[in-house]
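**Student:** Here is a sequence together with a model predicted from it:
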Amino acid sequence: MHPDWLKPDWPAPARVRAFMTTRAGGVSQAPWDSMNPAMHVEDDPIAVTENRAILRCDLPAEPLWLNQVHGVDVAECGIAPAGVAADAGVARRQGQVSAVLTADCLPALFCDRAGTVVAAAHAGWRGLVAGVLEATLTAMAVPPEEVLVWLGAAIGPDAFEVGDEVRLAFMDANPLTGIAFRPAGPTTFDAAPRKWLADIYTLARIRLASVGVGAVYGGGLCTYTDQTRFYSYRRVARTGRMASLIWLE
């Protein structure tokens with residue numbers, strides 16, 4: 001595994017394996033340089049194929065690559081076909097690899113304490129407010145108190161600017177999420193803020209806590225500000241993606 005790639009710091013069972021790629025270690029040319037495993041971002045398909053081959057050297061099998069649509073559908077590895085429209089994948093058998101691609105959206109990796117099931121979810125704000133994390137938990141079919149979650153690199157709370165409609169969408173679903181937003185600029189008594197800075201890590205933790213998942217790790221990284229390590233769609237729209245992958249040995 002490339003030394004710049006991220007390994008979850010969590011107390012997962014020994015048979016659970018997971019990591020998240022960074023920009024390093026691939027062959028793509030700018031602006032996708034260099035480890036871009038995404039086929040849908042206008043990168044040279046030959047370079048993407050080689051990047052996936054490099055990635056495959058650290059995996060027991062080809063991942064289930066999803067067609068991510070900012071929804072809540074969860075695919076079953078070993079059953080769903082490659083390219084299925086879904087934003088999360090669940091794997092229950094040894095060697096099945098669940099994967100998601102992100103470049104500012106939040107990747108979340110799941111496992112149970114017994115090491116019987118793992119999952120990966122792609123959570124942009126639309127998927128997050130719609131319930132993709134909760135849908136992933138439901139698909140795993142294990143008690144929430146038995147689940148561990150690792151939050152990979154996403155856009156940080158000082159860079160994730162959203163409109164008031166996003167804040168209200170979260171607060172309509174769960175008023176506690178209001179603590180994850182702060183005004184993006186100066187405020188006055190006679191005008192409500194039109195733009196907010198959102199903490200996607202806090203939003204995910206609140207959503208997970210609301211369904212009984214308290215063992216949540218990771219967070220604290222920012223894809224937008226760390227140009228060396230991470231792709232960021234908000235920073236440069238024509239860019240690559242990081243892969244977050246998890247499987248059972």
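**Tutor:** Here it is on my side, so go on. Keep in mind that what you see is a predicted model, and the values were worked out from it rather than measured.
**Student:** all helices for the protein, in order.
**Tutor:** Under the criterion DSSP state H, the chain contains helices at 45-56, 125-130, 132-140, 164-173, 200-210.
**Student:** for those helices, which one ends up most surrounded?
**Tutor:** helix 132-140 (a mean of 23; mean count of other CB atoms under 10 Å). For the C-beta atoms, the positions are set from N, CA and C on the backbone; glycine is no exception.
**Student:** packing partners for that helix?
**Tutor:** If contacts are counted by 3 or more CB pairs under 8 Å, 6 or more residues apart in numbering; DSSP states H and E, helix 132-140 sits against strand 74-76, strand 88-91, strand 106-112, strand 118-123, strand 147-151, helix 200-210.
**Student:** Dump the second one to CSV, restricted to CA.
**Tutor:** Just to be clear, that refers to strand 88-91. This file holds the C-alpha atoms of strand 88-91, laid out as CSV (Å, rounded to 0.1, in the frame of the first residue of the first chain):
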residue,chain,number,x,y,z
ALA,A,88,-23.3,2.5,-0.6
GLY,A,89,-22.2,-1.1,-0.8
VAL,A,90,-22.4,-3.9,1.8
ALA,A,91,-20.0,-7.0,1.8
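**Student:** average pLDDT for it?
**Tutor:** For strand 88-91, mean pLDDT rounds to 98.
**Student:** name the helices or strands packed onto it?
**Tutor:** Helices and strands touching strand 88-91, by 3+ CB pairs under 8 Å, 6+ apart, are strand 74-76, strand 97-102, strand 118-123, helix 132-140, strand 242-248.
**Student:** Neighbouring strands - and their directions - for the first one?
**Tutor:** Going back to what we said before, that points to strand 74-76. strand 88-91 (parallel) (DSSP bridges).
**Student:** and V129, how far is that from P13?
**Tutor:** As defined by CB to CB, to the nearest Å, V129 lies at a distance of 31 Å from P13.
**Student:** can you list the weak-confidence ranges in the chain?
**Tutor:** Scanning the chain for pLDDT under 70 picks out the ranges 186-192.
**Student:** okay, which residue is most central for it?
**Tutor:** P107 (0.9 Å; CA atoms, centre = their mean).
**Student:** That residue pairs with what?
**Tutor:** With DSSP bridges as the rule, P107 is bridged to H122.
**Student:** That one contacts S244, correct?
**Tutor:** Yes. Contact criterion CB atoms under 8 Å: P107 and S244 qualify, at 3.7 Å.
**Student:** intersection of neighbour lists for the two?
**Tutor:** 20, 100, 120, 152 (CB atoms under 8 Å, 6 or more residues apart in numbering).
**Student:** can I get those residues in TSV with distance to P3 and neighbour count?
**Tutor:** What follows is these, written out as TSV (distance: CB to CB, whole Å; neighbours: other CB atoms under 10 Å):
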residue	distance to P3	neighbour count
M20	13	24
V100	22	31
A120	22	33
G152	17	26
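**Student:** and which of these is nearest A53?
**Tutor:** If you rank the shared contacts of P107 and S244 by distance to A53 using CB to CB, M20 comes first, at 18.4 Å.
**Student:** which ones are touching that closest one?
**Tutor:** 5-6, 8, 107, 152-153, 242-245.
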